[in-house]
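Peer 1: any chance you can model this:
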Amino acid sequence: MAHWVNEREKYLMELIRLEGRGDYATREACHGHHECTFELEYRCKDCFGTELYCKDCMVERHRDNPLHRIEHWNAYYFKDTTLKCLGLRIQLGHAVTLDFCECLCAQSHATQILRARLYPATCSDPESAATFQLLQHFQMLTFESKASAFEYWQTLARLTDNTGIKPCKDHYESLLHMIKQCSHDPAGVDATEPGGCAVLCHTCPHPGKNLPDDWRMAPPDKQWLYTQYFAIDANFRLVRKNVSSDSVDPGLSKGWAYFVEETGFKLFLKDIGKVSQEKSTCVSHNAMNLAETKNSRGLAATGAGTVDCSHHNFKRPCGVGDLQRGEKYMNMDYLFFSTVQHSDEVSVLNVSYDIACQWSKHLWDRMSKYPSRLHFEHDGKTMTFLIPKFHLPAHITACQISFLHNLIKGMGRTDGEAPDTREDGYYNWKKVTNFGISLLSKIKTAIPKCEQHQHEFDEFNLAQWKEVVENWEFDHSSKNPFRITTVSMTLAAVRLKLSQQEAEDLENGLNNSLHMDISPSVLISSGMDLEEQHSHPMDLQMTKLQECSNALLRKIEQWCNIQVLYMPAVGRLRAVEAANVQSVCEEKAHEIKLWLPSKVKEIAEPCEGPLCAYEWELRRAQAHEALDELHRQLQLHTHLYKFKDAHIRGQRANTRASTVLNKVEQSMKTTVAQYHRAWSAVKTLSMVLGKPNWEVKLPELQPADVRGMAEGETRQSEGTCTLSWIWKTRGVAGVGEDGEAVLSEGLHIEWCKSRARANRWAEEVELLQEEMRRVADFLSWHAGWWEEQANWRTALAAPEQERIEGYAKCQATLRRAMRDRFQKMWSVVPALLKSTSPAISLSVS
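Peer 2: I've put the predicted structure just below:
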């Protein structure tokens, strides 16, 4: 491999040589048969060799191979054609010895093999080779199916001999070398610049390529259209084992495409590696806080970090690199600053990272300590740091409202996620070829969504909050309108409020207590506590179940004796129950009915009004407290599930993780049951006390309502999901009567979110139209660029020069054909825009 590195310029020229006519350019007539005098114009991509023939000879030679692929020389490059076009009609009714040319003027053996469209396994004295067709077949197969080279070799071996009688010689190592070797700069291989071989995202802003000349003069409210979107992430499954030495097994990547240049990267890590990294002050980011704990024995890399274009998931030039022992800041900093050099002219940058809340804090301080080649001039640029939508629910509340794509102007429907898959230049090119379909599909989805969310926003009609939101969009340091400032009152706070009320009654000479130590509010409050204890007795440890059950029974008996003082009707109810009980067994603690006021009123028995009022207040607080607890458990469940899915491997670890998740799910069921008890009591007491409209704040909790904040209904995404009502409730009012302050703030926040959703969809429609224009302009620019490359190298022999010119002009023609096809597909967009309601604009006021 080290020998081949020195020969790759020669290999490149030979590969380009095959794009032209080679030695046949000087031949005047076809040699298909001795009497043929026609011009050489055709060659077969599937036959052995590169021989050119005239039309008639090509047809005659392929009567037994009618499915072969034919190319036609059009005076500039080879263009695909078919045997059918040449006039072929069909009437229905291997061991190889190869001899090299040994003439004095003969080329090297490797060159002779390359000119025969075979790829040699070694540079000197090759004894094995693979056809170009086989290497192209493997490349496409592994890109689409992830098949390994070993699996492909096993397939070839089995196709050769599937009996084991005559096993073929092991050429697996040779195949690996050919696959790795199998780049393009007008000045040659070594002149290739960093990232020069990367397939760029055509929709991203590239000044001088796909932006208008006056793009810098765009109004402030349109600058977001020229934004570069970055997404940073890591993949810990892309591990790489140690090699014996770089001299024996050299890396072929020199930073020419997606991976950063390895030597400079390693020197940077060596110099900066001793700098300590601050711990996270947000949630527990295991990738960072546990960066030193990952097992790295025998590994040169424990994963790969990547920086992508987040709007269309393109790999960025010089944006991929190895990770050592976790996802450290210095690794990700190097990748970010390396790839951002390719967008240094863009003035608006949005950077999405699952730990952006921590990583961005001291980014510029860290940059100042790095080598000057990594420095990025950020003054005068607008940079926004965000957290990907999928990762955001695991963060604290402050991060969820400050780093959310959906709430920040100019994001469109970008999710900020970087795919964790093994994507590279092939996938970039595949997405380029699919832009016609993908962009059209996106805008067909975005236009009706834009209209739908605009109508939903118009229904609010609360323009008095517009100024607050616009101030925050302009300056994120101002008051955040999405932040909740009122505090839900807890059950303990309601108990305190009722105690203070009773103390005030005593001062005024009003004493409703019938017991020296137990007041009416304490009676109801302690009864609810007992209800919670005997509602789920199996939560107790089995070894102490009987002991705890006896203690609970004694507490209930004491409470029941006091209860009769305040609720005489309960004594009669218990007497009736005792008379109807046939069993002589002692009643279990969890079987005793407590007969709180709400239960007494269910059977139309008399109960003092103040007792009902006390339970009303306490039950409402209990319901809101249960919802708050359900919020925490759902967030914990979401975080644990995602962590398990991303990081837990192996049966033992998965069993432990599943046990933890089961405990959380059991706690959720207990909390849901608590809410149902409180809701049923409130429903009964509302009719007794004449309290209407209480269900607005405390709806009935259905199984479908118990879902995470980021979980919508079936087939709903973040931007289209319907938020479960449990996340909209704000608890009992902290100030004002009947929750007016909290209701107003909750409505304000929902108005802001509705406005944000409408704006993001409107931005998506506008951004997709801009991206369609950019793709067409980029392809036009790229076609012109390829034509310029045709005449860059002049110190070449005529055959080589012809090949370079032909290859360049072929690429230029290809880009223009793609541009024309895309524009034809997108011609329906103006009609789609006109079909929407006239009230729908591309910017929500």
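Peer 1: near E629, how many other residues are there?
Peer 2: A total of 17 residues lie near E629 under the criterion other CB atoms under 10 Å. C-betas here are computed from N, CA, C, even on glycine.
Peer 1: no, scratch that, I was asking about K442
Peer 2: 19.
Peer 1: one more: P692?
Peer 2: 8.
Peer 1: these two touch, right, it and K683?
Peer 2: No - the pair P692 / K683 is not scored as a contact, 11.9 Å apart, by CB atoms under 8 Å.
Peer 1: run through the stretch 401-550 of the chain and note the low-pLDDT ranges.
Peer 2: For the stretch 401-550 of the chain, applying pLDDT under 70 flags the ranges 419-425, 459-468, 481-491, 494-495, 497-498, 500-502, 504-517, 534-549.
Peer 1: that one: strands as residue ranges?
Peer 2: Ranges of strands in the stretch 401-550 of the chain, per DSSP state E, counting those that start in this stretch: none exist.
Peer 1: do the same with the chain
Peer 2: 42-44, 70-73, 78-81, 118-120, 129-131, 227-235, 240-241, 299-301, 303-309, 314-323, 348-353, 382-386 (DSSP state E).
Peer 1: which of the ones you listed sits closest to K642?
Peer 2: strand 227-235 (13.6 Å; CB to CB).
Peer 1: and the contacts of that closest one?
Peer 2: Contact partners of strand 227-235, identified using CB atoms under 8 Å, 6 or more residues apart in numbering, comprise 204-205, 287, 303-311, 313, 316, 323, 327, 332, 335-336, 339-340, 343, 346, 348-354, 388, 410, 414, 416-422.
Peer 1: can you check stretch 799-816 too?
Peer 2: 13, 16-23, 25, 76-79, 779-780, 782-784, 786-787, 789-791, 793-794, 796.
Peer 1: what about those residues, which are in helices?
Peer 2: Among the contacts of stretch 799-816, the ones falling in helices (DSSP state H) are M13, I16, R17, L779, S780, H782, A783, G784, W786, E787, Q789.
Peer 1: so what's the third one closest to, chain neighbours aside?
Peer 2: Right, R17. The spatial neighbour of R17 that comes closest, neighbours along the chain excluded (CB to CB, 6 or more residues apart in numbering), is R803 at 4.8 Å.
Peer 1: I'd assumed K315 was in contact with A418.
Peer 2: No - taking CB under 8 Å as the definition, A418 is not a contact partner of K315, at 9.2 Å.
Peer 1: in the stretch 51-200 of the chain, where is pLDDT below threshold?
Peer 2: In the stretch 51-200 of the chain (pLDDT under 70), the answer is 67, 90-98, 182-191.
Peer 1: now do the helices in it.
Peer 2: 55-61, 83-86, 109-115, 132-145, 149-160, 172-181 (DSSP state H, counting those that start in this stretch).
Peer 1: closest one to K753 among these?
Peer 2: Closest approach to K753 among the helices of the stretch 51-200 of the chain (CB to CB): helix 132-145, 40.5 Å.
Peer 1: tell me what that closest one is packed against?
Peer 2: With contacts taken as 3 or more CB pairs under 8 Å, 6 or more residues apart in numbering; DSSP states H and E, helix 132-145 sits against strand 118-120, helix 149-160, helix 172-181, helix 425-433.
Peer 1: what residue ranges in the stretch 701-845 of the chain score low on pLDDT?
Peer 2: In the stretch 701-845 of the chain (pLDDT under 70), the answer is 709-710, 712-723, 728-750, 793-795, 836-845.
Peer 1: the same query, at a cut-off of 90, please.
Peer 2: The stretch 701-845 of the chain contains residues with pLDDT under 90 at 701-760, 786-810, 834-845.
Peer 1: which residue sits closest to S667, ignoring its sequence neighbours?
Peer 2: Q633 (5.5 Å).
Peer 1: try C612
Peer 2: P597 (4.7 Å).
Peer 1: the one you found against A613, yeah?
Peer 2: No - P597 is beyond contact range of A613, at 9.0 Å (criterion: CB under 8 Å).
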